[in-house]
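J.: After the sequence you'll find the predicted model.
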Amino acid sequence: MKTVLDTSVLVNCSNGGVLAILFKLLKRVFVIPPAVATEFEAGDIAALQEAGMAGRVTILNDADVPGALYLRLLHDWGLGEGETECIAFAAHNDATFASDDRLARRRATELLGSDRVT
C-alpha cells in the first residue's frame with residue numbers, strides 16, 4: 001500500500017527521532033511529492049535517503065503529480081503546495097494520505113474518503 005506523506009508528518013517524525021522507524025513499517029511504501037521534499041530539506045535527510053535506497057520511499061517528480069487536478073485543488077481549496085500535491089497524487093494513484101493538518105485532512109476526506117486519510 002502506498003502512503004503519501006506531507007511535510008508535517010516528516011517534520012514531526014524527524015523532530016521526534018522516529019522517522020527511520022516510520023519508514024520501516026511493514027507493508028507500506030511511502031511517497032513524497034516534490035514540494036514536500038523541498039519543504040523538508042532541513043529534516044532527517046539521512047533517514048529519507050536510506051529508506052529510498054531500501055525501496056521504502058519514492059520521491060516523486062513533477063510529472064508524477066496530475067497537473068490539472070493539482071491546479072484545480074490548489075485554486076479551489078487554498079491549501080499549501082505540498083498538501084495539494086499529496087492529495088492529487090493520492091487521488092490519481094489509489095494511495096492513502098497522511099497529514100496532521102486539519103484542513104488538509106478534511107479536504108482529502110471529501111475527495112478520497114475517510115478510509116484513505118490518516
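T.: Arrived safely. A quick note: this is a predicted structure, and the numbers were derived from the prediction, not measured.

J.: So which bits of the top helix by length along the chain are buried?
T.: Using DSSP state H, we find that the single longest helix of the chain is helix 81-93. For helix 81-93, the neighbour count (16 or more other CB atoms under 10 Å) marks 81-91 as buried. (Glycine included, C-beta is placed from N, CA and C.)

J.: How about stretch 44-56?
T.: Taking 16+ other CB under 10 Å as the basis for neighbour counts, the residues of stretch 44-56 that come out buried are 44, 47-48, 50-51, 56.

J.: Relative to Asp64, which of the buried residues of helix 81-93 is nearest.
T.: Checking these against Asp64 with CB to CB, the nearest one is Phe89 at 6.7 Å.

J.: what residues are up against the closest residue to Ala104 other than its chain neighbours?
T.: For Ala104, ignoring the flanking residues on the chain, the nearest one in space by CB to CB, 6 or more residues apart in numbering is Glu83 at 4.1 Å. Residues in contact with Glu83, defined by CB atoms under 8 Å, 6 or more residues apart in numbering, are 6, 99, 101, 104.

J.: quick revisit: out of the buried residues of stretch 44-56, flag the one nearest to Arg72.
T.: Comparing every one of those with Arg72 (CB to CB), the shortest separation belongs to Leu48, at 29.1 Å.

J.: In contact with the closest one, which residues?
T.: Residues near Leu48 by CB under 8 Å, 6+ apart: 10, 19, 23, 32, 40, 57, 59.

J.: And the longest helix of the chain, how far out from the chain middle?
T.: Distance, stretch centre to chain centre, for helix 81-93: 7 Å (CA atoms, centre = their mean, to the nearest Å).

J.: Quick one: the strands in the protein, in order.
T.: The residue ranges that make up the strands of the chain, judged by DSSP state E, are 2-5, 29-32, 57-59, 96-98.

J.: Same list (the ones you listed) but as a markdown table, adding distance to Val65.
T.: Rendered in a markdown table, the data for these read as follows (distance: least, CB to CB, whole Å):
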| stretch | distance to Val65 |
| --- | --- |
| strand 2-5 | 10 |
| strand 29-32 | 10 |
| strand 57-59 | 12 |
| strand 96-98 | 13 |
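
J.: Assess the claim that His92 and Leu69 are in contact.
T.: Yes. In this structure His92 lies within contact range of Leu69 using CB atoms under 8 Å: 6.4 Å.
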